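**Student:** okay, here's the prediction I keep looking at, along with the sequence it came from:
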Amino acid sequence: MISLAAMKTPTEPLSTFGRVLDYTTRQRIEFVNLTETVEQLISESGIHNGIAVVQSLHSTAAIFVNEWQNALLDDFRVLLERAVSADAPWRHNDPRYSDCARGNAASHLRTLLLGTSAVLAVRSSRIVRGVWQNIILAEMDGPRTRSVSLQILGA
Amino acid sequence: MISLAAMKTPTEPLSTFGRVLDYTTRQRIEFVNLTETVEQLISESGIHNGIAVVQSLHSTAAIFVNEWQNALLDDFRVLLERAVSADAPWRHNDPRYSDCARGNAASHLRTLLLGTSAVLAVRSSRIVRGVWQNIILAEMDGPRTRSVSLQILGA
Amino acid sequence: MISLAAMKTPTEPLSTFGRVLDYTTRQRIEFVNLTETVEQLISESGIHNGIAVVQSLHSTAAIFVNEWQNALLDDFRVLLERAVSADAPWRHNDPRYSDCARGNAASHLRTLLLGTSAVLAVRSSRIVRGVWQNIILAEMDGPRTRSVSLQILGA
């Protein structure tokens, strides 16, 4: 069951590396591939072994890990649109209950289903991920400018 | 694309800080805002840079990050009730297959959709989060007393 | 509200421990209980306090934390099959849009709903988890051989 040799690093002092990245989206629902940027910043950080935490700093933009393929991204969008109807009578869109003028309840609810962060191991200065796994920002209420936090912790 | 200056801390020894918090809920589905407590404990921990892991210690209570607004919390509840019917013929509720007397399959399934933990960066002794982001405990099978673990790791 | 005494460890050097585990599944949708293996490896790692990150290295296999009971696992499967229809006209399955020959759009979409990692605190050489919480690998496109990364970070 255990395929690769375990890797235990000698004990070392801790380093942390933090950055906030901004992205401008152009559509209501849009996906942004963060993988390459995260990998470059791990390389810049000088951290060899540890973890990386990627967070959306919004409640209507999600982060997830899956394959990056145009056809599949379209399927993600369709699934979310079906799972959460934009024009159901959500209270967040109803001025009797909410002072939010954006009418974006569905954007919040779709973000709820996806989650807003990804945590990945860093080993030998690289993200541990499968061949098809990409780190994806999911804009659910665009177009807007969005901030993503990257925190790397390790040695 | 990169908005804020990167922050790399000098290497330092590691500190970890762990605590378990208890909450008593009063309704079947109820939301509890953990944000302020987590921020206070980060301040108490003396950890300046690192990460915070917030975990529900239950399989029928979830943790997620989203906006804290009464109207929207109501929409979260309605979405979960629609996505997972309480009275479908779930096996977990059927004495032929399950010795669980609570009949709470839907509580497990709704927790499955939300997840049971949140991981957030800690920078300059504060959680990294968006203006509208709150850390929320989602009771799916109340009323009960619930335990939440907070683990802070950093320097 | 705070039930247990806080535990703050003295500052110590950081250790990281990484391993990749392989599992062979036999069914289209199948669940594998990783809990005991993760606990054994934490014990082997010699790390007393910190966190454990468990990641699926695939975009059609998920990781989640919930109760391990046969009846409930069956309910998880039924919920996923209902939430994401296998034979809807997904673009990922359509040769006009996709070069994927596996026709596994539903496997990707079900994985999207569950997520691909779990992060848990480690305290006193044990995972912090509730009595009923297990760490579960969810095969969504079996039978296949799957890799799971475990990263432990702490002191």
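**Tutor:** That came through fine.
**Student:** can you name the helix or strand that the closest residue in space to A:Ile152 that isn't next to it in sequence falls in?
**Tutor:** Distances taken as C-beta to C-beta, 6 or more residues apart in numbering or on different chains place A:Phe17 nearest to A:Ile152, at 4.3 Å, with adjacent residues excluded. No exception for glycine: its C-beta is placed from N, CA and C like everyone else's. Element membership for A:Phe17 (DSSP states H and E) is strand A:15-24.
**Student:** list the buried ones in that strand?
**Tutor:** Neighbour counts using 16 or more other C-beta atoms under 10 Å in any protein chain shown place A:Ser15, A:Thr16, A:Phe17, A:Gly18, A:Arg19, A:Val20, A:Leu21, A:Tyr23 of strand A:15-24 among the buried residues.
**Student:** just checking, what packs against that strand?
**Tutor:** Judged by 3 or more C-beta pairs under 8 Å, 6 or more residues apart in numbering or on different chains; DSSP states H and E, strand A:15-24 is in contact with helix A:35-45, strand A:145-154, strand B:7-8.
**Student:** if we go to 10 Å?
**Tutor:** strand A:30-33, helix A:35-45, strand A:50-56, strand A:134-139, strand A:145-154, strand B:7-8, strand B:50-56, strand B:117-123 (3 or more C-beta pairs under 10 Å, 6 or more residues apart in numbering or on different chains; DSSP states H and E).
**Student:** quickly list what the residue nearest to A:Ile152 is bridged to.
**Tutor:** Note on A:Phe17: beta-bridge partners by DSSP bridges are A:Ile152, B:Lys8.
**Student:** so it makes contact with A:Gly50?
**Tutor:** Yes: taking C-beta atoms under 10 Å as the definition, A:Phe17 is a contact partner of A:Gly50 at 9.3 Å.
**Student:** touching both of the two, which residues are there?
**Tutor:** Residues touching both A:Phe17 and A:Gly50 by C-beta atoms under 10 Å, 6 or more residues apart in numbering or on different chains: A:Ile42, A:Ile152, A:Leu153, A:Gly154.
**Student:** quick one, what contacts the first one?
**Tutor:** By C-beta under 10 Å, 6+ apart, A:Ile42 lies in contact with A:Phe17, A:His48, A:Gly50, A:Ala52, A:Leu120, A:Val122, A:Ser125, A:Arg126, A:Ile127, A:Leu150, A:Ile152, A:Gly154.
**Student:** in the sheet, who's paired with the fourth one?
**Tutor:** Applying DSSP bridges to A:Ala52 yields these beta-bridge partners: A:Leu120, A:Ile152.
**Student:** from chain B, how far off is it?
**Tutor:** 10 Å (C-beta to the nearest C-beta, to the nearest Å).
**Student:** give me the buried entries from the contacts of A:Ile42.
**Tutor:** Judged by 16+ other C-beta under 10 Å, buried ones among the contacts of A:Ile42: A:Phe17, A:His48, A:Gly50, A:Ala52, A:Leu120, A:Val122, A:Ile127, A:Leu150, A:Ile152, A:Gly154.
**Student:** and of those, the nearest to chain B?
**Tutor:** Set against chain B, the nearest of those by C-beta to the nearest C-beta is A:Phe17 (4.9 Å).
**Student:** what's the longest helix in chain A?
**Tutor:** helix A:70-83 (DSSP state H).
**Student:** which neighbouring elements make contact with the helix or strand just after that one?
**Tutor:** For helix A:70-83, the following helix or strand on the C-terminal side (DSSP H and E) is helix A:105-114. Counting contacts by 3+ C-beta pairs under 10 Å, 6+ apart, helix A:105-114 is packed against strand A:61-66, helix A:70-83, strand A:134-139, strand B:61-66, helix B:70-83, helix B:105-114, helix C:105-114.
**Student:** so, low pLDDT: which residues of chain A?
**Tutor:** For chain A, residues meeting the criterion pLDDT under 70 lie at A:1-10.
**Student:** return the residue of it that is most distant from the centre.
**Tutor:** A:Arg96 (32.9 Å; C-alpha atoms, centre = their mean).
**Student:** which strand residues bridge the spatially most central residue of chain A?
**Tutor:** By C-alpha atoms, centre = their mean, chain A has its centre lying nearest to A:Ile63, at 2.0 Å. Taking DSSP bridges as the rule, A:Ile63 bridges to A:Leu137.
**Student:** spit out the contact partners of it.
**Tutor:** Residues in contact with A:Ile63 (C-beta under 10 Å, 6+ apart) are A:32, A:34, A:53-56, A:111, A:114-119, A:135-138, A:148-149.
**Student:** who's in contact with the residue nearest to A:Val54 when sequence neighbours are not counted?
**Tutor:** In space, and not counting its chain neighbours, A:Val54 is closest to A:Ala118: 4.8 Å by C-beta to C-beta, 6+ apart. Taking C-beta under 10 Å, 6+ apart as the criterion, A:Ala118 is in contact with A:34, A:38, A:52-56, A:62-65, A:127, A:129, A:133, A:135-137, B:119, C:55, C:115-117.
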